[in-house]
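K.L.:
A predicted structure for the sequence below; I have some questions about it.
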Amino acid sequence: MTRIIAGRAGSIALEVPDAGTRPTSDRVRESLFGSLESADLLRGAAVLDLYAGSGALALEAVSRGAVSADLVERAPKAAAVAQRNAARVAKSVGRDAAIRVHRSTADAFLMTPKGPFDLVFLDPPYDVGETELGVTLALLAPRLATDAVVVIERAKRSPEPTLPDALVATRSKSYGDTVLWWATTA
């Protein structure tokens with residue numbers, strides 16, 4: 001079972017889509033959000049979750065103080081699950097945060113005027129190639145706020161993501177077969 005780990009919506013159970021997604025483990029989310037909180041990157045943040053799946057990453061951010069979250073998921077069943085999860089979290093945080101679920105591809109969403117976003121999560125399916133991911137990151141760059149942080153989750157066997165000139169890699173951390181790559185605006 002996946003759940004919100006901490007914050008105002010802490011312990012709320014989240015649905016996970018039956019197939020086609022790879023939820024971020026509680027251990028990885030706990031470490032990730034510990035780092036984000038210690039750097040004070042959540043309070044008041046506008047969050048974007050591309051390839052959202054269940055929406056667990058953006059919803060955890062909202063539970064811990066983000067003021068808005070846009071969850072982007074193209075798969076209809078996964079988007080419906082994310083919408084139900086968003087409604088549960090919204091009930092706990094009240095009007096303190098705006099949560100929107102968009103049924104769209106990441107690239108199509110980024111081609112519309114949205115943002116600026118302070119914190120972005122990208123957890124694309126493993127079959128999304130490096131070239132495709134590079135295109136998405138290039139489309140993302142103009143939608144970022146000054147000093148935005150981008151966290152990219154990939155399989156350990158995947159190469160380091162190719163970042164556009166507007167982003168600079170800051171660190172990476174492995175958790176078993178998962179690697180989190182961090183970047184910030186240049």
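P.N.:
Cool, got the structure. Numbering: from 1, shown residues only.
K.L.:
ok, then the element right after whichever strand or helix holds Leu48?
P.N.:
Assigned by DSSP states H and E, Leu48 belongs to strand 46-50. As assigned by DSSP H and E, the chain's next helix or strand after strand 46-50 is helix 56-63.
K.L.:
quick one: that next one to strand 46-50, angle?
P.N.:
Angle, helix 56-63 to strand 46-50, by axes from the mean of the first three to the mean of the last three Cα atoms, to 10 degrees: 170 degrees.
K.L.:
contact partners of the next helix or strand after helix 56-63?
P.N.:
Using DSSP H and E, the helix or strand that follows helix 56-63 towards the C-terminus is strand 68-73. Residues outside strand 68-73 that contact it (Cβ atoms under 8 Å, 6 or more residues apart in numbering) are 45-53, 55, 58-59, 61-62, 79, 82, 86, 97-106, 109, 114, 117. Where you see a C-beta, it was placed from the backbone N, CA and C, and this is true even at glycine.
K.L.:
filter those down to the buried ones, PyMOL style.
P.N.:
Selecting only the buried entries of those in PyMOL, with 16 or more other Cβ atoms under 10 Å as the criterion:
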select buried, resi 45+46+47+48+49+50+51+52+53+55+58+59+61+62+79+82+86+97+99+101+102+103+104+106+109+117
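K.L.:
and Arg84, how many neighbours?
P.N.:
Arg84 has 14 neighbours, counted by other Cβ atoms under 10 Å.
K.L.:
list the contacts of the residue lying closest to Ala6 once chain neighbours are set aside.
P.N.:
Nearest residue to Ala6 in three dimensions, chain neighbours excluded: Arg64, at 6.2 Å (Cβ to Cβ, 6 or more residues apart in numbering). Shown in contact with Arg64 (Cβ under 8 Å, 6+ apart): Ala6, Gly7, Arg8, Phe33, Leu36, Glu37, Leu42, Arg43.
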